[in-house]
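In: What follows is a predicted structure for the sequence shown.
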Amino acid sequence: MKKADSQETMAPAAESSKMLRAMVGLGVICALMIVLAFEWTKPRIEQNKAAALEQAIFKVIPGMVSKQTFLLTPDNTLVPAGANVDKNAEVVYAGYDKEGKLAGIAVEASGLGFADVLRVLYGYNPETEKIVGFFVLESKETPGLGDKIEKDPQFLANFAGLDVALKEDKVTLKNPPVTVKAGMKTNPWEIDGITGATISSRAIGAIINSSTTRWVPMLQQQQATLRNTTTN
Amino acid sequence: MKTESLWYIFINASLINNFVLAYFLGICPFLGVSGKLETATKMGGAVTFVMLISSMCAYGLHAFLIAVNAPFLQLISYIVVIASTVQLVEMFIKKMSPALFRALGIFLPLITTNCAILGLALFQTNKGYGFIESIVYALGAGVGFTFALVLMAGLREQLEFAEVPNVVKGTALTLLIAGILSLTFMGFAGLGS
Amino acid sequence: MLNKTLHISTSPHIVRGVSTTDIMRNVVWALLPVAAYAVYAFGLNALLVLVTAVAACVLTEHYLCRISKKKTTIGDWSAVITGLLLGLSLPPHFPLWMTFAGGVLAIALGKFIFGGLGYNVFNPALVGRAVLQAAFPVAITTWYPAFSADRFGVVDGSILTFPFLEPTYDAVSGATPLAAFKFDGAITETYDLAMGLVGGSTGETCAVLIILGGVYLAVRKMMNWRIPLAVLGTVYVLTALLHWMDSQSYPEPGFMLFSGGLMLGAVFMATDMVASPITPLGVVIYGAIIGLVVVVIRLWGGLPEGVMYAILLANAIGPHIDKWIQPTVYGTTKTSRGA
Amino acid sequence: MGKPNTPSTNSGFWANLRESPSTDDFIKGLWRENPVFVQVLGMCPTLAVSNTTMNALAMGLATTFVLLMSNMLVSSLRFFIPKQVRIASYILIIATFVTITDYMIQAISVDLHKSLGAFISLIVVNCLILGRAEAFASKNTIGKSFLDGLGMGLGFTFALICLGAVREIMGNGTLLGFGVLPGNFQEWIVMILPAGGFFTLALWLLLFNALKEKRAQA
Amino acid sequence: MSLFNFHKNTFKHGVHPPEHKSETNSLPIRQFPFAPVIILPMVQHIGAPAEIIVREGQEVVRGQLLAKAGGFVSVPVHAPVTGTIRKITNVPSISGKMVPGIYLETAPFSNQEVHGNKPVDVETATPEEILQGIQDAGIVGLGGAAFPTHVKLKVPAGKTCEVLLINGIECEPYLTTDHRVMLEQAEDIFLGIRYLLKVTGAKRAVIGIEANKQDAADHLTQHIPADIPVTVQVVPVKYPQGSEKMLITSILGVEVPSGGLPIDVNALVVNVATAAEMGRLLPHGRGILERVITITGPAVKKKGNYLIPIGTPLRYVLEQVGVDEQLSEVYLGGPMMGVAVSNLDISIVKGASGIVAFTEKEVSRPTEILPCIKCGACVEACPISLNPSKLGILAKFEAYERMADEFHLMDCFECGSCAYVCPSHIPLVQYFRLSKSVVRKRSAAKKSAEHAK
Ligand SMILES: Cc1cc2nc3c(=O)[nH]c(=O)nc-3n(C[C@H](O)[C@H](O)[C@H](O)COP(=O)(O)O)c2cc1C
Ligand SMILES: Cc1cc2nc3c(=O)[nH]c(=O)nc-3n(C[C@H](O)[C@H](O)[C@H](O)COP(=O)(O)O)c2cc1C
Ligand SMILES: Cc1cc2nc3c(=O)[nH]c(=O)nc-3n(C[C@H](O)[C@H](O)[C@H](O)COP(=O)(O)O)c2cc1C
Ligand SMILES: Cc1cc2nc3c(=O)[nH]c(=O)nc-3n(C[C@H](O)[C@H](O)[C@H](O)CO)c2cc1C
Ligand code: SF4
Ligand code: SF4
Ligand code: SF4
Ligand code: SF4
Ligand code: FES
């Protein structure tokens, strides 16, 4: 690069107007290309993203065919989300089966894992008061070890029907879910851990625990809202 | 939902997910400037400084781009704004504190378009950090970068006087040490969880 | 008679009798009781692990000397120490092919690339172990209880796994005291820890024998006693403080001192002179850093144990300590003025 | 920066302007002046996304695309861009193509985009691209610049795959996602961890050093 | 570290080599026979060579001046025997170089009466006269350095000497010269101290003696004259306690500043034998003719402490005491600091305090040098608190400037403690001697280059 520099000093200084014109011209060309690419790919990308989200929700609510997004308002009530969703608002997705019956609610939760923040999505069935599905949205856990929380069928089986029933008071869980040592699961509210990934599997337990403690009472109370919405 | 305390953000960026040793960001200066402790320290200082500035720029820019609904300009605007801000700050420092300029000055242009800086800006945006969180993140990343760089420089200075086999000499040795350091930093995993 | 040619040497014409080889050999002696106890507690499996580790290190050292056209250096016994300590720091049923790989890595990556004996900046045995831990995290955290009845009769299947294949583990694996503490909050009795009546790495269980070995070396001036003292002292003080503030969440210092690899690490690994600072004060700082990091990782980190990482990190900081902590040269202090 | 001397491409500055594209413009980047193994450029993406061969391939091709486009645009605009603002212009051009690539990858597969992460955007600061723009494209014809970009890009991709393949096979027992080793092969997880990236690249460099030394002795 | 550095009657670090003193420390000093030919180099001291004032063939009597001082930093040479100047030519010296000198043939059957000169009376002489007397007597430091004593004793303007330290430490293994001198020549020593006190203006004198010579300490204590301020102080046994810096630290608790001299801490150090020599020679105006030397070592048959005429050829000495078949190495001085002799044709000089001869068995040192394992033994041995390990590694890589600039190479006084303890048998002090000479050469070259500008 040195050589280029020395040639540069020898070249006659371009007038600033020429410089300006060149930069502006280049800027316009670049902006044009970007906008074109953006507009051209936008529909595909949005479709891809929506499909990915849909897929995840489908995974955690077995038997659903359609969904509706609900917003949590500041006074803790759920309202169907309109077209313009505030990005910072918390949302849950209600899933409905063929008959339009509420099949479950997908809730996003996050917490600290072994390596970084874990983001997961789980499905809650208000009728059976169980977690019915589970999907890891984002994880940096060690491949081949901590990432068993995404792939290990034995671990995922924990969430085919994890008991999160409420007490009589309808505000606290009877048995908050908890991760136990691999192979030690004896109760329906326990999550069998993964040997060698104790920390990650316990982190999942903790995330589910704190999220259900907060969400389950709310979802139970507002079941009516969730049921009676026409789906999109 | 907020899950990360500021303390965790700092520890995470500096030790657990060290930019150099876990994310592979800023490898070029890491390989290039880790031969001498003195330059390494200054480089670390300069990177931390630029990271703080970039972090603030990126925070403001992101808010602006969201407001005008032009997310596609993110990359271009980050790189242009960060580079020019650092240049401005550089000129400012030159005026205000020639000593500081002498210490950091030569490194600033080198690192403005370095991937650790841009990576920081992009990560903090992806993670959706607020202003304070972003600054803490930048500080953590800078401190972590400096820590890794300074450790490496110490080791390399010592190894100048070792009978390193010829085939290993040079970049290969530095990379191997980086690998061992990376393993070492894995000990911090899960800290604060 | 007096016409013979005289041999010339430069002063000093006499040297102290102790040689580097002597030191290394004595470290091996000091480690033998620890190794013997490991075999007693874990049986044939531990014996195989130890032998494999030592063989891997020695062979690698020999072979690397050959390809770099140097005289073989296995005669200095340091590779034996590396192998022994690597073996002692692995689980007693660790698959042999992995053990062998660890030995090769310890010498090649931990020692050879830096120029061999005397130049390695990290503890070779721990470099080997760190790679193993990152490569085979499941195998290296699969523990077996000590004193199983058939330990002298049966060799575990997983230990003989064919090279490069995945071992299958028996269901009997037990947790170490530290894992039990981290994940279940269970505390093991200090007496059991000190006497080695618990599970854990092959050689870390019997603290008493480790201390005896250390005392032997320290008395013979073949080991820097300041290092273990600084490491253990720091762990003790920090844990005692924490335990005093909150005895619910933090264990007693005795538990911390005698559990896991701390004793083995403090006495035999942190003391690897090659990878530790050289001045008395520097060595104390180095030890304190190890102690601090051990406490931080054990109490607040994700992993149950952090001795290996602590020592490696302190190794990396070592050159800085050596740079800043130099002996105060005679005649440059305050006392050098006026009688 | 202690890099091996780059056989200078601008030694024949004026000659280059007149020269027509030659196969050497293409070939040199593949091996003799390989950006990763010889010039040690663009290390960050090399290490970060080479944990699987797929990622390596995708990253390599994305980089090649950006390199190709920026080389051509820079070359065609080389008489219009004033020297004083050339670096800024190059960055602008590169950033544009990176943004475009980013969107294209998102359009192809969200999963791929997720696994490459921010490193697609970080192609902007890959010194290889700016380096070629400055050292080659700004002084050569479009044809030559095209070949140079292609060669360098493919050389970069090749190096990434060298790393990615080793890391994926050892670390996961697979190649491009297909199991190539026995099912009970024990993965070396370290290889897909960051440390494995450092080690693998170091091993390749060691191998080249050893070969070089052997050749020097012969 | 200074926190723990309270004054402990000794210095920091140091080593404890086996002493081997019992073999000779009870043997009284005996007169050595005169050799048929005496070889007298003109540089037996630090400084300018002495200038020969006799001619070949001239007959000289014992004690007669043969060569006068070649300047202020120089001392004269006297005839150790009565005889004939055979030849004035270059003679071999311990350094291996040939230096100007004299071959003196001893007159057989001469009564060897000593030729005196102008006496210097301790009561009446002025300090200047005493200094002149010291120079005229050809006195140099007998502690080993052979530095002209009158130069050292001349207190520079602006400085004062408070304490005079008499060095009776003798920390080298094997040597018992000073030990015997203290036992047998107490009167000479105290007379010498009188001269010294007068010359230096010191308010007191302390005789430092290591604890392994308690008998000498007791003997001297009993004989201290009432009218002079002299004390005896016993210090723990440790090499290199005898070095003047270490002695000052042991006895006075202060350190001589880096690059400085004892006078910077208001002290002067003189070896006991030097003091004794002054007491013996000055009242008669004589010059140094002979000195006490311990001849010992496993290869020597008749070990002992001998009064040997200066110039006696080494070969003659060894023939007289008899040596083992397996003789392999001979040192002038002790085994820690002494110089190995390559050629037995050199002769006894003023600075020689001992002759130690080893057989092959004793010198079968391990020859293999292993890399430094950073065991720190050298760091904890170096009395100057250098970092010999680091210095050694830098020397190996020829980074001499860094050794001097960052690691105080020039403060190393080559005691050899580091090399003695090193388990890897790295020739540390040997490296440092070489490094120091390179640094000195380079900085001299630099200086002259600057001058040229
Ligand atoms: C390189 C490496 C990566 C690790 N990654 C994870 C991980 O992603 N998740 C996890 O829970 N533990 C992880 N660990 C932690 C250990 O496997 C830890 O000892 C284990 O979780 C303890 O569980 P155990 O009691 O079942 O053996 C990792 C350890 C190492 C050395
Ligand atoms: C070149 C040189 C110059 C000296 N100059 C002085 C001096 O000016 N004043 C003094 O008291 N001693 C002087 N000395 C003597 C030293 O202080 C010391 O007594 C001598 O070097 C012998 O000490 P050693 O046997 O401990 O090395 C000098 C020595 C040397 C080698
Ligand atoms: C390592 C070392 C050890 C020494 N040991 C002694 C000693 O034991 N006795 C002694 O008189 N001088 C010893 N010296 C010399 C003294 O430093 C000092 O030069 C001497 O005592 C001054 O007296 P002198 O000039 O009369 O010889 C030693 C010097 C060095 C460098
Ligand atoms: C007290 C002492 C402790 C040692 N500890 C280790 C160790 O932990 N790991 C190791 O590989 N070598 C150890 N060694 C042996 C030797 O120092 C090591 O092989 C060198 O690091 C190789 O250069 C030790 C040696 C001694 C004297
Ligand atoms: S991008 Fe910058 S830091 Fe990286 S190699 Fe190129 S010049 Fe060096
Ligand atoms: S060894 Fe040297 S310093 Fe020690 S007493 Fe003998 S001559 Fe003096
Ligand atoms: S020879 Fe020099 S470095 Fe070695 S111990 Fe003596 S003074 Fe220290
Ligand atoms: S005594 Fe030898 S091996 Fe030990 S630190 Fe010093 S030089 Fe190194
Ligand atoms: S710093 Fe150069 S590619 Fe990251």
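Out: Received, thanks. Numbering: from 1, shown residues only, chains lettered A, B, ... in the order given. Ligands and ions are numbered 1, 2, ... in the order given.
In: Let me know how buried residue A:77 is, in neighbour terms.
Out: 13 (other CB atoms under 10 Å in any protein chain shown). Just so you know, the C-beta spots here come from the backbone N, C-alpha and C atoms, and that holds for glycine as well.
In: What values do phi and psi take at the residue lying closest to it once chain neighbours are set aside?
Out: Nearest residue to residue A:77 in three dimensions, chain neighbours excluded: residue A:222, at 6.8 Å (CB to CB, 6 or more residues apart in numbering or on different chains). The phi/psi pair for residue A:222 (degrees, to the nearest 10) reads phi -100, psi 20.
In: Can you get me a residue count around residue A:222?
Out: Neighbour count of residue A:222, defined by other CB under 10 Å: 19.
In: same question, residue E:261
Out: Using other CB under 10 Å as the criterion, residue E:261 is surrounded by 16 other residues.
In: same check, this time on the one 10 residues further on
Out: Residue E:271 is surrounded by 26 other residues when neighbours are defined as other CB under 10 Å.
In: Tell me the spacing between the nearest residue to it once chain neighbours are set aside and residue A:74.
Out: With CB to CB, 6+ apart as the criterion, residue E:271 has its nearest non-adjacent residue at 3.4 Å, and that residue is residue E:143. From residue E:143 across to residue A:74, the span is 92 Å (CB to CB, to the nearest Å).
In: more neighbours, those two?
Out: Using other CB under 10 Å as the criterion, residue E:143 and residue A:74 rank with residue E:143 on top: 24 against 6.
In: dump the residue contacts of the more buried one.
Out: E:167, E:242, E:270, E:271, E:273, E:274, E:353 (CB atoms under 8 Å, 6 or more residues apart in numbering or on different chains).
In: please redo it, this time with the cut-off set to 7 Å
Out: Applying CB atoms under 7 Å, 6 or more residues apart in numbering or on different chains, we find residue E:143 in contact with E:167, E:271, E:274.
In: out of those residues, who's nearest residue D:48?
Out: residue E:167 (68.5 Å; CB to CB).
In: Let me know the secondary structure of the closest one.
Out: When classified by DSSP: H, G, I helix; E, B strand; the rest coil, residue E:167 comes out as strand.
In: for residue 119, what are its contacts?
Out: In the absence of a named chain, chain A is used. Contacts of residue A:119 by CB under 7 Å, 6+ apart are A:108, A:110, A:137, A:138.
In: Chain D was what I was after
Out: Residues near residue D:119 by CB under 7 Å, 6+ apart: D:45, D:48, D:49, D:59.
In: Can you give me the neighbour number for residue A:160?
Out: Neighbour count for residue A:160, taken as other CB under 10 Å: 12.
In: I'd like the distance between it and residue A:122.
Out: Distance of residue A:160 to residue A:122, given as CB to CB: 12 Å.
In: for residue B:5, same thing?
Out: Per CB to CB, residue B:5 is found 24 Å from residue A:122.
In: next one: residue D:75
Out: Distance, residue D:75 to residue A:122, by CB to CB: 54 Å.
In: Of these two, which one has the most company?
Out: Using other CB under 10 Å as the criterion, residue D:75 and residue A:122 rank with residue A:122 on top: 27 against 23.
In: for the strand or helix carrying residue C:285, which positions count as buried?
Out: Using DSSP states H and E, the element containing residue C:285 is helix C:280-300. Across helix C:280-300, burial judged by 16 or more other CB atoms under 10 Å in any protein chain shown covers C:280-299.
In: Kindly report the same for stretch C:247-256.
Out: Neighbour counts over stretch C:247-256 (16+ other CB under 10 Å) mark C:250, C:251, C:253, C:254, C:255, C:256 as buried.
In: and chain E, which of the residues you listed reach it?
Out: Near chain E, taking CB under 7 Å from any CB of the partner chain as the test, no member of those is found.
In: Restricted to helices, list these.
Out: Filtering the buried residues of stretch C:247-256 for membership in helices, criterion DSSP state H, returns C:253, C:254, C:255, C:256.
In: out of everything not next to it in sequence, what's closest to residue D:192?
Out: residue D:171 (3.6 Å).
In: separation between that neighbour and residue C:165?
Out: Counting by CB to CB, the gap from residue D:171 to residue C:165 is 16 Å.
In: and those two? which has more neighbours close in?
Out: The residue with more neighbours, out of residue D:171 and residue C:165, is residue D:171; 22 against 15, by other CB under 10 Å.
In: Kindly state the beta-bridge partners for the residue lying closest to residue E:287 once chain neighbours are set aside.
Out: Leaving aside its chain neighbours, residue E:287 sits nearest to residue E:78 (3.3 Å; criterion: CB to CB, 6+ apart). Residue E:78 has the following beta-bridge partners by DSSP bridges: residue E:65.
In: Out of the contacts of residue D:119, which two sit at the greatest distance?
Out: D:48 and D:59 (8.5 Å).
In: So which of these two has more stuff around it?
Out: Set side by side, residue D:48 and residue D:59 show more neighbours around residue D:59, with 30 against 24, by other CB under 10 Å.
In: who's in contact with the more buried one?
Out: D:45, D:49, D:116, D:119, D:160.
In: that's a strand at it, yeah?
Out: No: residue state for residue D:59 (three-state DSSP) corresponds to helix; a strand is not indicated.
In: What score does it have for pLDDT?
Out: Listed pLDDT for residue D:59 reads 92.
In: what do you get for residue D:24?
Out: pLDDT, residue D:24: 79.
In: Next, count neighbours for it.
Out: As a burial measure, residue D:24 scores 13 neighbours (other CB under 10 Å).
In: Residue E:320 versus that one, what's the distance?
Out: Noted for residue D:24: a distance of 86 Å to residue E:320, by CB to CB.
In: again, but for residue E:91
Out: 20 Å.
In: between those two, which one's more packed in?
Out: More crowded of residue E:91 and residue E:320, by other CB under 10 Å: residue E:91, with 21 against 16.
In: so is that one in a helix, a strand, or just coil?
Out: Following three-state DSSP, the label given to residue E:91 is strand.
In: hey, what's it bridged with?
Out: residue E:99.
In: Alongside chain C, which residues does the stretch 151-300 of chain E contribute?
Out: Contacts of the stretch 151-300 of chain E with chain C, taken as CB under 7 Å from any CB, map to E:162-163, E:245, E:252-258, E:260, E:265-267.
In: picking that back up, and ligand 8, is the helix holding residue C:285 touching that?
Out: No: shown here: helix C:280-300 not in contact with ligand 8 (CB under 6 Å from any ligand atom), separated by at least 12.2 Å.
In: Residue A:119 belongs to a strand?
Out: Yes: the assignment for residue A:119 (three-state DSSP) places it in a strand.
In: Helix or strand next in line after the helix or strand harbouring residue D:170, which one?
Out: Residue D:170 belongs to helix D:142-172 when assigned by DSSP H and E. Under the assignment DSSP H and E, the closest C-terminal helix or strand after helix D:142-172 is strand D:174-175.
In: Within the sheet, what are the partner strands of that next one, with directions?
Out: Sheet pairing of strand D:174-175 (DSSP bridges) gives strand D:178-179 (antiparallel).
In: how much space is there between residue C:165 and residue D:173?
Out: Taken as CB to CB, the span from residue C:165 to residue D:173 is 11 Å.
In: With residue E:255 instead?
Out: To residue D:173, residue E:255 is 66 Å away according to CB to CB.
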